[in-house]
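S.K.: Curious how this folds, go ahead:
(one chain, ligands or ions: 1)
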Amino acid sequence: MSLDQKLIVALDTVDADRARSWAAAVSPHAGLLKLGLEFFLANGAAGFARIAGAPIFLDLKLHDIPNTVAGGVRAVLHLRPKMLTIHASGGSAMIQAAHQAAVSAGPDRPMILAVTVLTSLDQNDLHALGVNATPAEQVLRLGRLAIEAGADGLVCSPLEVAMLREALGPTVKLVVPGIRPTGSATGDQARTMTPAQAVAAGADWIVVGRPITGAADPAAAAADIAASIR
Ligand code: C5P
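M.R.: Numbering: from 1, shown residues only. Purely as a prediction, here's the structure:
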């Protein structure tokens with residue numbers, strides 16, 4: 001596996017044995033494997049270690065006061081994840097604290113990626129939260145804030161990636177879930193793009209879960225997607 005490979009496979013399960021077998025199947029075709037909140041809460045550092053050997057994107061979407069988020073980042077540095085997520089809405093000081101904690105790991109430190117507006121929120125939800133901007137405006141506002149505060153990149157939807165690439169330039173890392181290969185079920189992802197479309201729009205990495213882990217042959221599904229973006 002190498003970070004040059006743009007496919008990240010989301011291993012969304014609480015079952016560490018299942019995650020391990022998915023990892024073995026898809027590793028030849030992926031740059032990283034993503035472990036999320038459900039896996040980490042159920043299995044902790046010991047479960048993480050069972051997937052060891054692969055570059056890991058640890059998607060915990062941290063959001064708390066700066067001191068606590070910095071402590072959370074430091075608490076997982078020994079696992080050597082390559083990517084960690086935080087919520088941009090935690091504000092500049094929180095993002096800076098996460099960045100500084102990551103930097104303390106030295107040159108092999110994890111990238112800090114910020115989540116802007118959850119893709120589950122629409123205009124009405126933002127309004128109810130007191131945000132009188134469109135989702136796109138809020139994504140751009142929080143994206144700029146996060147990068148200025150030291151985030152290495154953003155997690156963004158396929159519909160946002162071209163706008164963010166244009167606004168933020170070539171060095172900001174853009175990691176894009178909500179990807180569906182042609183012909184696969186959309187599930188609960190409302191606004192999707194194919195792997196090739198997302199990469200063409202400016203994604204550095206795409207995140208794919210169920211189209212791979214729910215396939216009859218996860219290794220073949222991952223291989224097909226990797227080939228489509230090579
Ligand atoms: O199964 P699926 O391909 O939809 O999985 C996408 C992964 O990306 C899941 O782990 C999900 O939590 C994550 N994600 C997402 N949408 C976001 C942020 C993260 O689907 N906006």
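S.K.: Run through the residues that contact the residue of the chain found nearest the ligand.
M.R.: Proximity of the chain to the ligand (CB to the nearest ligand atom) peaks at residue 209, 2.5 Å away. Using the backbone N, CA and C atoms, a C-beta is placed for each residue, glycine as well. Going by CB atoms under 8 Å, 6 or more residues apart in numbering, residue 209 touches 9-12, 34, 177.
S.K.: repeat for residue 109
M.R.: Counting by CB under 8 Å, 6+ apart, residue 109 has contacts 77, 102-103.
S.K.: From those residues, keep the buried residues only.
M.R.: By neighbour count, with 16 or more other CB atoms under 10 Å, the contacts of residue 109 hold 77, 102 as buried.
S.K.: Tell me how far the nearest residue to residue 223 once chain neighbours are set aside lies from residue 7.
M.R.: Nearest residue to residue 223, sequence neighbours excluded (CB to CB, 6 or more residues apart in numbering): residue 29, at 4.9 Å. Taking CB to CB, to the nearest Å as the measure, residue 29 falls 6 Å from residue 7.
S.K.: And the lengthiest strand in the chain, what does it pack against?
M.R.: Looking across the chain with DSSP state E, the single longest strand is strand 56-62. On a contact count with 3 or more CB pairs under 8 Å, 6 or more residues apart in numbering; DSSP states H and E, strand 56-62 meets strand 32-36, helix 37-50, helix 66-76, strand 83-87.
S.K.: can you rerun that using 10 Å?
M.R.: Applying 3 or more CB pairs under 10 Å, 6 or more residues apart in numbering; DSSP states H and E, one finds that strand 56-62 contacts strand 7-10, strand 32-36, helix 37-50, helix 66-76, strand 83-87, strand 111-115, strand 153-155, strand 205-208.
S.K.: Make JSON lines from these and add mean neighbour count and mean pLDDT to it.
M.R.: Formatted as JSON lines, the helices and strands packed on strand 56-62 follow (neighbours: other CB atoms under 10 Å; pLDDT from 0 to 100):
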{"stretch": "strand 7-10", "mean neighbour count": "27", "mean pLDDT": "98"}
{"stretch": "strand 32-36", "mean neighbour count": "24", "mean pLDDT": "98"}
{"stretch": "helix 37-50", "mean neighbour count": "15", "mean pLDDT": "95"}
{"stretch": "helix 66-76", "mean neighbour count": "18", "mean pLDDT": "98"}
{"stretch": "strand 83-87", "mean neighbour count": "25", "mean pLDDT": "98"}
{"stretch": "strand 111-115", "mean neighbour count": "24", "mean pLDDT": "98"}
{"stretch": "strand 153-155", "mean neighbour count": "25", "mean pLDDT": "98"}
{"stretch": "strand 205-208", "mean neighbour count": "25", "mean pLDDT": "98"}
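S.K.: Which of the helices or strands spans residue 105?
M.R.: Using DSSP states H and E, residue 105 falls within no helix or strand.
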